[in-house]
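this one's structure only:
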Ligand SMILES: O=P(O)(O)OC[C@H]1O[C@H](OP(=O)(O)OP(=O)(O)O)[C@H](O)[C@@H]1O
Ligand code: HPA
């Protein structure tokens with residue numbers, strides 16, 4: 001058990017399960033990008049740990065850049081996605097792989113895809129470690145999903161509750 005402020009979390013996804021999911025995504029992307037050098041685009045803050053492990057598992061040439069967006073206050077989406085650090089990269093003719101730690105409502109993803117539509121990227125693909133399929137309500141195709149989870153708030157491996165818990169190396173879930 002783990003207490004952060006007023007909330008109690010319990011262990012949910014082990015390090016081993018996380019690392020299997022990360023490796024599987026890296027292998028699938030590498031197969032699809034045999035003749036390319038993809039540009040991974042990490043969505044800060046939450047994806048920093050997934051990005052790091054994904055790139056270590058990705059054994060062929062690639063590049064990485066980041067964008068920073070935020071919309072959550074504590075455990076709830078505000079519905080408004082703020083861009084805190086923008087796209088500073090020339091994406092012309094690049095295959096871009098958006099790297100998300102979690103896709104929940106899809107509001108963040110929708111904003112990123114709208115931003116990327118304004119560039120001349122050759123192709124945009126989406127990779128997420130976690131997906132909440134019962135909540136996700138957008139039409140954007142998610143190309144690579146690590147683990148599907150029910151609609152419960154999770155924490156750790158980059159994801160936070162009120163700024164805390166990002167450093168945990170496994171994933172916890174909010175206790176009912
Ligand atoms: O599908 P959605 O409902 O938009 O939720 C997913 C987003 O929420 C979290 O980011 P958050 O806004 O908490 O910022 P953070 O990455 O800095 O924690 C997470 O890292 C995703 O980017
Ligand atoms: O379940 C979650 N946990 C942490 N951050 C999040 N951002 C969207 N959903 C979540």
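Everything's here; your move. Computed from a predicted model, the values in this text were never measured in an experiment. Ligands and ions are numbered 1, 2, ... in the order given.

what's the neighbour count on residue 161?
Here the number of neighbours of residue 161 (other Cβ atoms under 10 Å) works out to 22. (C-beta placed from N, C-alpha, C; glycine too.)

check contacts around it.
Contact analysis of residue 161 by Cβ atoms under 8 Å, 6 or more residues apart in numbering lists 4, 5, 7, 9, 74, 75, 153, 155, 174.

for the residues you listed, which one is nearest ligand 2?
Taking Cβ to the nearest ligand atom as the measure, residue 153 is the one of the contacts of residue 161 closest to ligand 2, at 4.2 Å.

pretty sure the closest one sits against residue 174.
Yes - in terms of Cβ atoms under 8 Å, residue 153 counts as a neighbour of residue 174; the distance is 4.2 Å.

okay, and the common contacts of these two?
Common contact partners of residue 153 and residue 174 (Cβ under 8 Å, 6+ apart): 75, 161.

next, the buried residues of the helix or strand of the chain with the lowest mean pLDDT.
Ranked by mean pLDDT, DSSP states H and E, the helix or strand of the chain with the weakest confidence is strand 76-85, at a mean of 90. Buried residues in strand 76-85, counted by 16 or more other Cβ atoms under 10 Å: residue 81.

packing partners of the next helix-or-strand element following it?
Sequence order places strand 95-103 as the next helix or strand after strand 76-85, per DSSP states H and E. Helices and strands touching strand 95-103, by 3 or more Cβ pairs under 8 Å, 6 or more residues apart in numbering; DSSP states H and E, are strand 39-44, helix 48-57, helix 107-117, strand 123-131.
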